[in-house]
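> model the structure of this input:
(one chain, ligands or ions: 1)
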Amino acid sequence: MSGLAFLYRAGRLYAEGVSVERLAEIYGTPLYVYSRREIGARYRALARAMAPVRPLICYSVKANSNLAVLGALREEGAGFDIVSGGELYRVRRAGADPARVVFAGVGKTEEEIDYALREGILFFTVESEPEARRISARAVALGCRARVAFRVNPGVNPRTHRYITTGQRENKFGLDPDRALAAYEMAAQLPNIEIAGLHMHIGSQILSPRPYVQALARAAVLCAQLRRRHAAFEWLDIGGGMGIDYMPDQEPLAPRVFAAAVLPWLKKIGLRVILEPGRSLVGPAGLLVCRVQYVKDSYRKKFVIADAGMNDLIRPALYEAHHEVWPVRRTARRIRGDLVGPICESGDFIALDRELPAVREGDLLAVMNAGAYGFSMASNYNSRRRPAEVMVDGACHRLIRARESWADLVRGEDAGARHENRRKEQPDHV
Ligand code: LLP
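From the prediction side, this is the model:
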């Protein structure tokens, strides 16, 4: 794994200057641990590589939306890419400047649009014609102007897991280029709408710069046409998706490699550039520590049962994603088996048929590259409390989200009974 956040010292795994064992003792398990320095280093590496076009880097909040993570990226100078009213609320709580926030997503509600208009975000990434009409109507109602960029689906194959492609013809995102051109013409006639730019995001965990170049080649033609027609057209948002090395033999899509491929196109197109990286900024900056509860054999197979499951980290179950598993106390001895969680589902695994550190009951394991789409996709399935999160910075560590309590699990459920606001619906025919 790239980065220097998580290393062994004298056989013990450290997060920067703090032993992971110590963190597990203090905060309990399962526990997400993030490295502040790694997040900063990753942001700066991308900003440096892309400096010739001075991009606005809008961190994609969905990857990890903890307020402390958002705050760290704001300190580094990031703007934010959001996809819901909830994410807007979070970035505002983290002190974000709304003028550095872009809002994507295919299903924005009126309530979310109003919230974003009142806050004065940079622009909406618009994914359909009816959405443009709704944004215009809300801007008229609120007496303000709305900046929009249509999301164009360039129809390229990013060669990633089929659930996380977004710019192929069959994906629900954006509009095909011909339709997008017509949509821009339509939107330009709508009241209180300003055409601000064009947006693309072709997928996630992309390891080659090639699909970006293909998409940019298509965008270049469109942008040339659009800027001639629309005076306020100034932004080209090329999305996120840069892949990381989940497997030991994988090459991540390094900022230098990405920049070398896309910069010539971006310079030629000559618009102001937005990037929306999520995973590549926070994925390798986080791990999930879990404690082994039991080790058992069945039908000549070994199962290591941990206290973290698919409700804490769903990527293996959902995408058959690979996460390296490291022992918190180094050992050379290996066993072969499945690392599974306590959830009542056969899909509840972290690693399948893998060489694992030889562990015993009570030992700690670290699931690597868990900083992105880890906690943010966690759930309460099986009425499990979502885990705690900790931020390490040098020798300091702090709890950035408390482990949920059992009372948290039922929050809101008994509200009706308590407030006696139970409603009795009248049948229609009465
Ligand atoms: N911009 C837009 C419009 C997006 O839809 C996404 C991710 C990003 C930026 C950030 O992409 P990133 O740089 O993180 O690849 N849950 C999946 C990933 C889903 C990504 C959805 N969109 C996973 O765990 O692999």
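> report the closest residue of the stretch 51-200 of the chain relative to the ligand.
With C-beta to the nearest ligand atom, the shortest gap between the stretch 51-200 of the chain and the ligand falls at Ser60, namely 3.5 Å. Where you see a C-beta, it was placed from the backbone N, CA and C, and this is true even at glycine.
> contacts only, for the closest residue in space to that residue that isn't next to it in sequence.
Excluding the flanking residues, the one nearest Ser60 by C-beta to C-beta, 6 or more residues apart in numbering is Gly278, at 3.2 Å. By C-beta atoms under 8 Å, 6 or more residues apart in numbering, the residues touching Gly278 are 59-64, 81, 204, 240, 372-373.
> how many neighbours does the residue of the stretch 51-200 of the chain closest to the ligand have?
Using other C-beta atoms under 10 Å, Ser60 is surrounded by 30 other residues.
> can I assume it is in contact with Leu275?
No: at 9.4 Å, Ser60 does not count as touching Leu275 under the criterion of C-beta atoms under 8 Å.
> how many other residues sit next to Leu288?
Leu288, neighbours per other C-beta under 10 Å, totals 28.
> what separates it from Leu23, distance-wise?
Distance, Leu288 to Leu23, using C-beta to C-beta, to the nearest Å: 12 Å.
> identify the residues contacting the longest helix belonging to the chain?
For the chain, the helix with the greatest residue count under DSSP state H is helix 210-229. Identification of contacts with helix 210-229 by C-beta under 8 Å, 6+ apart yields 152, 154-159, 167, 177, 180-181, 184-185, 188, 195, 198, 200, 202-203, 206, 233-234, 236, 238, 241, 258, 261-262, 265-266, 268-269, 271.
> is the ligand within reach of that helix?
No: applying C-beta under 6 Å from any ligand atom, one finds helix 210-229 separated from the ligand by no less than 11.8 Å.
> and for the closest residue to Ser405 other than its chain neighbours, the neighbour number?
Spatial nearest neighbour of Ser405, excluding adjacent residues (C-beta to C-beta, 6+ apart): Arg385 at 6.7 Å. Using other C-beta under 10 Å, Arg385 is surrounded by 18 other residues.
> can you give me phi and psi for Arg385?
With angles defined as degrees, to the nearest 10, Arg385 sits at phi -80, psi 140.
> OK, contacts around it?
By C-beta under 8 Å, 6+ apart, the contact set of Arg385 is 403-406, 408-409.
> pretty sure Ala78 contacts Ser60?
No: between Ala78 and Ser60 there is no contact under C-beta under 8 Å: 10.0 Å.
> for Ile57, give its distance to Val102.
11 Å.
> just Asp414 next, same as before
Separation of Asp414 from Val102 (C-beta to C-beta): 39 Å.
> ditto for Arg90
Using C-beta to C-beta, Arg90 is found at 15 Å from Val102.
> do the same with Met186
For Met186, the distance to Val102 - C-beta to C-beta - is 21 Å.
> do Ala372 as well
Ala372 is 19 Å from Val102, by C-beta to C-beta.
> now swap in Ser60 and tell me
For Ser60, the distance to Val102 equals 10 Å [C-beta to C-beta].
> now for these two: what residues contact both?
By C-beta under 8 Å, 6+ apart, Ser60 and Val102 have these common neighbours: 80-81, 276.
> can you say which of the residues you listed are buried?
Using 16 or more other C-beta atoms under 10 Å as the burial test, those include 80-81, 276 as buried.
> can you tell me the centre-most residue of the chain?
Most central in the chain under C-alpha atoms, centre = their mean is Ala63, positioned 1.6 Å from the mean C-alpha point.
> now that residue: phi and psi?
Dihedral pair for Ala63: phi -60, psi -40, per degrees, to the nearest 10.
> Ala220 versus that one, what's the distance?
Counting by C-beta to C-beta, the gap from Ala63 to Ala220 is 28 Å.
> repeat that for Gly28.
52 Å.
> between these two, who's got more neighbours?
For Gly28 and Ala220, the more surrounded residue by other C-beta under 10 Å is Ala220, and the numbers stand at 17 against 14.
> show me which residues of the stretch 201-350 of the chain sit near the ligand.
So the stretch 201-350 of the chain meets the ligand at 201, 204-205, 239-242, 276-280, 315, 319 (C-beta under 6 Å from any ligand atom).
> could I get those residues as TSV with secondary structure?
Compiled in TSV, these are given as follows (DSSP: H, G, I helix; E, B strand; the rest coil):
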residue	secondary structure
His201	coil
Ser204	coil
Gln205	coil
Gly239	coil
Gly240	coil
Gly241	coil
Met242	strand
Glu276	coil
Pro277	coil
Gly278	coil
Arg279	helix
Ser280	helix
Arg315	helix
Tyr319	helix
